[in-house]
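[1] Whatever this is, show me its structure:
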Amino acid sequence: MTKQTSKNSPLFVLMEKLSEWKVHHFIFWIAYFFFWVFVYRGFYTDVFLLYKVTGVYLIAHAFIYYFTHYYLASRLLKHKSSYILILCFFLTSFLVAIGMYIFLKWVISIDLENLFSASSLQVIFVFTTSNIFTPGILLAIKSFMENRKFIRKTELLEKQRLETELQYLKSQVNPHFLFNTINSIFVLIKIDPDKASETLIKLSNLLRSQLYEFSANKISIEKELEYLENYIELEKIRKGNRLSLTFEKEGSLEGFEIAPLMLIPFLENCFKHLSTHTDRPNVVKIKIKRNREGLEASFYNTSEPAAANKPNQTGGIGLSNIKRRLELVYPNRYSLDIYKGEEDFSVNLKLMLSYD
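    Residues are numbered from 1 along each chain as shown. Predicted coordinates:
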């Protein structure tokens, strides 16, 4: 039998119901009443008189709070009339103070002037000040809490949106890469079935890595480099002797993590737009190095002259995808330089790494 989750527990359900019924408001006003009875117990010889006056204060303050929060604010703030809201709050406090004076003096028959040792106007001023001060503090606290709640909700929604977008962008790597490689295998089946079989096995290994190892937000640099090397081996099988490839690694490329599949689109782009020269080598150069600033990755490939005539083409889905992922995962912590020449294409990526 599985343990109930906290959100489904009877205690949690009860707390939700009590919150829905505003029981905590009721408890607060009871505590509020007895707090002021305790504070002013030395100023009154008649305890029932103390209860009456404190009760009237409580009703007045509660009315001003709820009237302002649930009626005035809900209507005026929709029209961004904050100044009018403040004016209405002060006016309400004054009118309620007059009502308190009339009720205490004429209904309950309390000699307020003698009780407070003040004139009628001074008593009303005291009531008004109290009506502004106490409900004002409560409204400020409520506003602060709702604002914090709104900010947390907004941040959560934004985080969920970015995570959803990031997962979508990361998932795009798979079909894009798969599409290119399957085309290569299709060609190899007719030319060299043995190489096609070997390529298919390597593709299977790569997809297994994507499925089981690269689903996390970060992976070790060792796994990312291993993935690049496997991909290179796959392309070397496909390209054969036409390919001149160098892969350099420099610095301490171990003991840190990066976002998964962050480098493969650049490598994939090298082979996607690689030249098909028959009279000279088709060159791909990769250099990954670690320095004080972080990680630097350079990719270079020779390309066909015709590709340079398409200035808006920068690698299709792959590079546009990776640019957006960089903005989401490494905001203000990366630089990406792309150069498209007449017969070559190069990319230089720098990542400022976080080691926490």
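[2] what's the closest non-adjacent residue to residue 220?
    What sits nearest to residue 220 in space, not counting adjacent residues and going by Cβ to Cβ, 6 or more residues apart in numbering, is residue 257, at 5.6 Å. C-betas here are computed from N, CA, C, even on glycine.
[3] Okay, that neighbour and residue 228: tell me how far apart.
    Applying Cβ to Cβ, to the nearest Å, one obtains 15 Å for the distance of residue 257 from residue 228.
[4] Count residues in the vicinity of the residue nearest to residue 220, would you?
    17 (other Cβ atoms under 10 Å).
[5] what about it, distance to residue 191?
    Here residue 257 is placed at a distance of 40 Å from residue 191 (Cβ to Cβ).
[6] Next: residue 146.
    For residue 146, the distance to residue 191 (Cβ to Cβ) stands at 68 Å.
[7] for residue 181, same thing?
    15 Å.
[8] Just want to know which of the two has more residues nearby.
    Set residue 181 next to residue 191 and count neighbours by other Cβ under 10 Å: residue 181 wins out with 22 against 10.
[9] Spatially, what comes nearest to that one if we skip its sequence neighbours?
    Using Cβ to Cβ, 6+ apart, the nearest residue to residue 181 is residue 203, at 5.3 Å.
[10] Could you tell me the per-residue confidence at the one you found?
    Residue 203 carries a pLDDT score of 79 in this model.
[11] correct me, but it touches residue 231?
    No - applying Cβ atoms under 8 Å as the test, residue 203 and residue 231 come out as separate, 9.5 Å apart.
[12] ok, back up a step: what backbone torsions are found at the residue nearest to residue 220?
    For residue 257, the backbone dihedrals (degrees, to the nearest 10) come out as phi -120, psi 150.
[13] just residue 287 next, same as before
    Dihedral pair for residue 287: phi -140, psi 120, per degrees, to the nearest 10.
[14] Likewise for residue 259?
    phi -70, psi 140.
[15] what about the nearest residue to it once chain neighbours are set aside, distance to residue 261?
    Nearest-residue entry for residue 259: residue 329, 4.6 Å, with adjacent residues in sequence omitted and distances by Cβ to Cβ, 6+ apart. Applying Cβ to Cβ, the value for residue 329 to residue 261 is 11 Å.
[16] residues in contact with the residue lying closest to residue 251 once chain neighbours are set aside?
    Excluding the flanking residues, the one nearest residue 251 by Cβ to Cβ, 6+ apart is residue 290, at 3.3 Å. Residues counted as contacts of residue 290 (Cβ atoms under 8 Å, 6 or more residues apart in numbering) are 250-253, 296.
[17] what's the most distant pair in those residues?
    252 and 296 (13.0 Å; Cβ to Cβ).
[18] Nice, that's everything, thank you.
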